[in-house]
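Q: Could you look at this predicted model? Sequence included:
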Amino acid sequence: MSPEQIQVNYLLTITNTTPMGIFSFLSRDKKQDLDKGLEKTKNNFFGKLSKAVIGKSRVDDEVLDNLEEILVTSDVGVETTLKIIRRIEERVARDKYLGTAELNQLLREEITALLGESDKDKLVQGFNFPSRETPYVILVVGVNGVGKTTTIGKLAYQFKLAGKQVVLGAADTFRAAAVSQLEIWASRVDVPIITQGMGADPASVAFDTLKSAISRKADVAIIDTAGRLHNKVGLMNELSKIRKVLQKLLPDAPHEVLLVLDASTGQNAIEQARQFTAATEVNALALTKLDGTAKGGVVIGISDQFKVPVKYIGIGEKMTDLQLFVKEEFVDSLFSS
């Protein structure tokens, strides 16, 4: 299949409604994939919820106590759970009566609102963004084992599918397998990769990657970094150094610092988000492995607590199973019957 045909097929699966390239809705196939990917989370949450309201006609203190327990055990997180409960209590106090039949709709509204409170408009929205004079630089951070390399590969594939030129940078020079794994993805997606081998200076690799992307007139540069949390000071220093060398070439780079988290680890993902956001200026999140877990509620908690937008979600093994996070579609899949 020619690159032109690939792009035509890609454009048939999305709708571009604004000049900024924000997708108004997912294609039917992508929505079905999302529904399937969130099935375990939905069944876990609503299975518990239906038991909590059985025999009840109105939302009372017992229902709210049960709901609080359900949200916490669904990995929404204590802080976010208390916020949701408080908002529902305010609604009950205002309306004097709230039926259990209305609880689903109210929960849907509150969760959508919480996800919306972390929106950031300075990020490029979508894969098919408008042309830029300089490359859009994505610095990818996260601990080993969360699916960081796979996420980078799938990102490169999606950008290329949208007609963008992509350059990868293997700046995780700390782990032997990291460079070779990224090279495999670069070969699979057929995009150039900049490497200097094991033990090289990550900042030097990042600099060479952006320099190459600029000379190639590439649209996107995606740079992998080492996933180490045991030494936060070292991590901060390394990421700070990478930022400084990138800014020698592009003063506003990196445009996106993408933290990759494994949704299946639940509260551990929240703790990783806390440590990484303290160590560097994270401004986007990717949550992987949502399809294999009932802990998808962690998306809500992380988005609310750290006020960092969830930009991508991983819902399967296929190249196309890294989706742009659209809060309305996510909530719709979570609450679909």
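A: Received, thanks.
Q: Assign residue 204 to helix, strand or coil.
A: For residue 204, the secondary-structure state derived from DSSP: H, G, I helix; E, B strand; the rest coil is helix.
Q: Tell me how many other residues surround the residue lying closest to residue 316 once chain neighbours are set aside.
A: Spatially, and ignoring its direct neighbours in sequence, residue 316 is nearest to residue 291 (5.0 Å; C-beta to C-beta, 6 or more residues apart in numbering). (Each C-beta comes from the backbone N, C-alpha and C, glycine too.) Using other C-beta atoms under 10 Å, residue 291 is surrounded by 22 other residues.
Q: just the one 10 residues further on next, same as before
A: Other residues near residue 301 come to 27 when the count uses other C-beta under 10 Å.
Q: excluding its backbone neighbours, what's nearest it?
A: Per C-beta to C-beta, 6+ apart, closest to residue 301 is residue 77, 3.1 Å.
Q: Contact partners for that neighbour?
A: 267, 270, 298, 300-302, 304-305 (C-beta atoms under 8 Å, 6 or more residues apart in numbering).
Q: Now a ChimeraX select for only the buried ones of those.
A: To isolate the buried members of the contacts of residue 77 in ChimeraX, using 16 or more other C-beta atoms under 10 Å:
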select :270,298,300,301,302,304,305
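Q: closest to residue 186 among the contacts of residue 77?
A: Nearest to residue 186 among the contacts of residue 77 is residue 302, at 29.2 Å by C-beta to C-beta.
Q: Quick check: the gap between the residue nearest to residue 316 and residue 30.
A: 13 Å (C-beta to C-beta, to the nearest Å).
Q: got it, and residue 71?
A: From residue 71 to residue 30 the distance is 27 Å (C-beta to C-beta).
Q: Neighbour count: these two, which is higher?
A: residue 71 (26 against 20).
Q: in the strand or helix carrying that one, what's buried?
A: Remark: residue 71 resides in helix 61-73, with elements defined by DSSP states H and E. Neighbour counts over helix 61-73 (16+ other C-beta under 10 Å) mark 63-64, 66-68, 70-73 as buried.
Q: which strands and helices sit next to that helix?
A: If contacts are counted by 3 or more C-beta pairs under 8 Å, 6 or more residues apart in numbering; DSSP states H and E, helix 61-73 sits against helix 39-53, helix 78-95.
Q: Out of these, which gets the lowest mean score?
A: Ranked by mean pLDDT, the helices and strands packed on helix 61-73 bottom out at helix 39-53, with a mean of 81.
Q: what comes into contact with that helix?
A: With C-beta under 8 Å, 6+ apart as the criterion, helix 39-53 contacts 63, 66-67, 70, 73-74, 100, 103-104, 290-297, 333-336.
Q: Please list only the buried members of the residues you listed.
A: Buried among the contacts of helix 39-53 by 16+ other C-beta under 10 Å: 63, 66-67, 70, 73-74, 100, 103, 290-297, 333-335.
Q: about what we covered before: mean confidence score for the helix holding residue 71?
A: For helix 61-73, mean pLDDT rounds to 91.
Q: Then stretch 266-276?
A: Averaging pLDDT along stretch 266-276 yields 88.
Q: And that stretch, what's buried?
A: Quick answer for stretch 266-276 (16+ other C-beta under 10 Å): 266, 268-270, 272-273, 276.
Q: how about low-confidence regions in the protein?
A: Scanning the chain with the threshold set as pLDDT under 70 gives 1-26, 117-124, 229-232, 337.
Q: so where do the helices sit in it?
A: For the chain, applying DSSP state H gives helices covering 3-12, 28-37, 39-53, 61-73, 78-95, 103-116, 148-161, 176-189, 202-215, 232-249, 267-279, 298-306, 327-335.
Q: Can you add distance to residue 169 and give those helices back as CSV?
A: CSV is the format used below for the helices of the chain (distance: least, C-beta to C-beta, whole Å):
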stretch, distance to residue 169
helix 3-12, 23
helix 28-37, 29
helix 39-53, 34
helix 61-73, 40
helix 78-95, 35
helix 103-116, 31
helix 148-161, 10
helix 176-189, 9
helix 202-215, 3
helix 232-249, 10
helix 267-279, 19
helix 298-306, 26
helix 327-335, 30
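Q: Alright, calling it a day.
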